[in-house]
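A.B. asks: Return a 3D structure for these sequence lines:
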Amino acid sequence: MHPVSPLRLASLLALALTSCNGNDRPPAAADSPAAGSTPAIIDASVGGPPPRPAGVSPTAPTPAPSATAQWRCGEQVVGVHTDAATQAVQLNVNGRTLLLTHADAPTGARYADIHGNAFWAHAGEATLTLAGGEAVKCTQADASGVG
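C.D. replies: Next up, the predicted model:
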């Protein structure tokens, strides 16, 4: 099953609404609350999505906070620092630091670089590939915090 993007859903909703007849709309008096009364709760399934707060982009997801964790990949412990702002991870492997950027993945979070290094995390497990070699299964050793 492929995930559906919010943009695609909005496009389908707009297409469906353009086929509606203008006579399907309730009278104008029903659109606004009477003077002095409390406005009714808007049902997003009927009237569309509620308004966004000022300054919030409709396509920008709320970034997750940055986090650092230790993973055990085969016989080695790998430090992984995820930076949500840059959509990248910094791996500390065998005394080296690798910077991997976000890459497409069917599930989970996958990061890679042009040298064949990759880190792919999903549901508490991950795989680590170094320099295009064989993928090694990783398990999260501990989470050292969110920052």
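A.B. asks: C-alpha only now, for contacts and for neighbours.
C.D. replies: Noted.
A.B. asks: The helix or strand hosting T68 pairs with which strands, parallel or anti?
C.D. replies: Assigned by DSSP states H and E, T68 falls within strand 67-73. Paired neighbours of strand 67-73 in the sheet (DSSP bridges): strand 76-83 (antiparallel), strand 136-146 (antiparallel).
A.B. asks: Show me which residues of the very next helix or strand once past the shortest one are buried.
C.D. replies: Per DSSP H and E, the first helix or strand lying C-terminal to strand 76-83 is strand 88-93. Residues of strand 88-93 classed as buried: 88-92 (neighbour count, 16 or more other Cα atoms under 10 Å).
A.B. asks: And the protein, what are its domain boundaries?
C.D. replies: 6-47, 67-146 (automatic domain parsing).
A.B. asks: and the ones you listed, which one's lowest on average pLDDT?
C.D. replies: Comparing mean pLDDT over the domains of the chain, the weakest stretch is domain 6-47, at a mean of 51.
A.B. asks: what angle sits between the strand holding T68 and strand 88-93?
C.D. replies: 40 degrees (axes from the mean of the first three to the mean of the last three Cα atoms, to 10 degrees).
A.B. asks: And the strands in this structure, which stretches?
C.D. replies: 67-73, 76-83, 88-93, 96-103, 109-112, 118-122, 125-129, 136-146 (DSSP state E).
A.B. asks: give the contact list for T107.
C.D. replies: By Cα atoms under 8 Å, 6 or more residues apart in numbering, T107 lies in contact with H122.
A.B. asks: How much space separates it from R96?
C.D. replies: 27 Å (Cα to Cα, to the nearest Å).
A.B. asks: sorry, back to before: out of the buried residues of strand 88-93, who's nearest T101?
C.D. replies: A88 (4.3 Å; Cα to Cα).
A.B. asks: Go ahead and confirm the closest one touches L100.
C.D. replies: Yes. Between A88 and L100 there is a contact under Cα atoms under 8 Å: 5.6 Å.
A.B. asks: Overlap of the contact sets of these two?
C.D. replies: With Cα under 8 Å, 6+ apart as the test, A88 and L100 both reach Y111.
A.B. asks: hang on, isn't L128 packed against G116?
C.D. replies: No. Assessed by Cα under 8 Å, L128 is found out of contact with G116, at 10.4 Å.
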